[in-house]
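> Compute the structure for the input listed below.
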Amino acid sequence: MHRLITILLALGLMAGAANAQSLVQEKLDMERAGFEKDTVVRKITYRDAARLDAYERMRSEAFKQARAGGAAEDIALLNEIDGRQKRSFQGLDLSGAWQCRTIKTGGLAPLIVYGWFGCEVSDDGSGWFFEKLTGSQLTDGHFFDDGGSRMIYLGVFSVSGDQPPAYGAGRETDQVGYVFRDGEAQWRIEFPAPERESILDIMEIRRAQ
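Below is the predicted model of the structure:
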């Protein structure tokens with residue numbers, strides 16, 4: 001699996017090399033010039049910047065595998081999510097209780113849809129802070145603006161009962177994704193090249209019911 005992720009990341013970086021606005025290049029340029037602001041470009045690791053640069057290619061490959069080998073009802077759900085119109089986050093209060101579920105696409109299994117778990121968003125003084133509260137595999141992290149209809153999520157993976165590490169601790173726990181709003185009270189995080197099992201993870205999030 002590590003070899004697959006390495007190959008896909010390399011493809012993404014090849015595409016990013018032609019794009020002067022790639023996150024890897026932007027981070028390198030800002031680092032050499034001296035960071036003037038504490039932004040996501042300063043905080044993000046080079047590996048996670050590369051994963052976001054590879055996002056479009058990895059998403060395309062993951063969806064291709066999911067649609068080729070997933071169950072019909074799961075493919076229908078994936079297509080419905082893919083067809084949702086992206087909206088601005090302006091006016092959406094993220095604070096409070098949410099439900100979240102993970103959809104794994106591509107990789108070891110074509111398409112897996114998990115059940116709903118409890119999540120929460122709060123303002124910890126440095127911005128919106130997201131936590132998956134229930135289940136065996138957890139995540140927590142912060143959101144960073146990335147244009148009107150997208151944010152960047154920098155988080156960490158942990159197992160229930162363990163103390164989550166700080167972001168930047170290493171590839172086993174660092175997580176990165178793009179965040180999209182696709183409803184009045186629903187949004188999702190898409191994680192390219194997650195460390196485990198799949199090519200792209202989608203975490204679908206809705207208001208707690």
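> Give me the residue at the spatial middle of the protein.
What sits nearest the mean C-alpha location of the chain, by CA atoms, centre = their mean, is residue 177, with 2.1 Å.
> That one falls within a strand, correct?
Yes. Using DSSP: H, G, I helix; E, B strand; the rest coil, the assignment for residue 177 is a strand.
> what's across from it in the sheet?
residue 153 (DSSP bridges).
> do you know how far it is from residue 124?
Residue 177 is 19 Å from residue 124, where distance means CB to CB, to the nearest Å. Just so you know, the C-beta spots here come from the backbone N, C-alpha and C atoms, and that holds for glycine as well.
> do the same with residue 76
Counting by CB to CB, the separation of residue 76 from residue 124 is 37 Å.
> the more surrounded of those two?
Taking neighbours as other CB atoms under 10 Å, residue 76 and residue 124 compare with residue 76 leading, 11 against 8.
> Give me the distance between the more buried one and residue 187.
20 Å.
> go on, residue 209?
Taking CB to CB as the measure, residue 209 falls 15 Å from residue 187.
> So those two - more neighbours on which side?
Comparing residue 209 with residue 187 by other CB under 10 Å, the one with more neighbours is residue 187, at 23 against 7.
> Got the phi and psi for that one?
When read as degrees, to the nearest 10, the backbone of residue 187 gives phi -160, psi 180.
> I figured it hits residue 202, correct?
No. The criterion here is CB atoms under 8 Å, and residue 187 misses it with residue 202 at 11.1 Å.
> Quick one: the helices in this protein, in order.
For the chain, the helices defined by DSSP state H cover 2-17, 23-33, 40-43, 46-53, 55-69, 72-82.
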